[in-house]
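>>> Could you look at this predicted model? Sequence included:
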Amino acid sequence: MADMDIARAHEIVAAINARSLVTIGIEQPLGSLAGVTLLEMIEAKAAVERENVAAIEAAKAKGGGYSINLVPDDRLIAATYALEHFTPSREAILCIPVNHFLGDRLVLAVVITDSADDDTDEEPS
């Protein structure tokens, strides 16, 4: 597999990071992730991480400063992929029994909702 073009990697990483920043109230353009696969998101992160490492190593060898780019955590990549590729729903994606089904459970409640569908506080029937 060929390395991803670094400019494209930066576009994908910036679009993923933008979704996180908007979530915490920092307004900015989201950038498009149309047609971007989960593998491409992971490859983009890896390409930018390699570039960051190269910048650090070059600065150590020559002295002086360097710049690195923010890379998304794997959880943010997964959440972004789910948000971009799945229809809004009130159903949790995973609920995994830890001890037994009626006992303790480990729950990852990833719920993608649509604010236009949020006109009631009632549970769906």
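Arrived safely. Residues are numbered from 1 along each chain as shown.

>>> can you pull out the helices in this structure?
For the chain, the helices defined by DSSP state H cover 6-23, 38-62, 74-85.

>>> what angle separates the last one from helix 38-62?
For helix 74-85 against helix 38-62, the angle by axes from the mean of the first three to the mean of the last three C-alpha atoms, to 10 degrees is 140 degrees.

>>> Please spell out which residues along helix 74-85 are buried.
Using 16 or more other C-beta atoms under 10 Å as the test for burial, helix 74-85 gives L76, I77, A78, A79, T80, Y81, E84. C-beta: built from backbone N, CA, C; applies to glycine.

>>> The first one and E57, how far apart?
Taking C-beta to C-beta, to the nearest Å as the measure, L76 and E57 are separated by 26 Å.

>>> swap in the third one?
Note on A78: its distance to E57, by C-beta to C-beta, is 29 Å.

>>> Over to E27?
The gap separating E27 from E57 is 35 Å, by C-beta to C-beta.

>>> More neighbours: these two, which one.
E57 (11 against 7; other C-beta atoms under 10 Å).

>>> What are the structural domain limits within this structure?
Domain assignment of the chain by automatic domain parsing yields the ranges 1-85, 86-125.

>>> out of everything not next to it in sequence, what's closest to L70?
Sequence neighbours aside, N17 is the residue nearest to L70 in space, at 5.7 Å (criterion: C-beta to C-beta, 6 or more residues apart in numbering).

>>> Next: E84.
Leaving aside its chain neighbours, E84 sits nearest to L33 (5.1 Å; criterion: C-beta to C-beta, 6+ apart).

>>> What is the burial count for S32?
By the other C-beta under 10 Å criterion, the neighbourhood of S32 contains 11 residues.

>>> so it makes contact with A14?
No: the criterion here is C-beta atoms under 8 Å, and S32 misses it with A14 at 10.6 Å.

>>> Render the CA-only coordinates of stretch 50-57 in CSV, please.
Provided in CSV are the C-alpha atoms of stretch 50-57 (Å, rounded to 0.1, in the frame of the first residue of the first chain):
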residue,chain,number,x,y,z
ARG,A,50,5.3,10.2,10.8
GLU,A,51,5.7,13.8,9.7
ASN,A,52,5.6,15.0,13.4
VAL,A,53,8.3,12.5,14.3
ALA,A,54,10.5,13.6,11.4
ALA,A,55,10.2,17.2,12.4
ILE,A,56,11.2,16.4,16.0
GLU,A,57,14.2,14.3,14.9
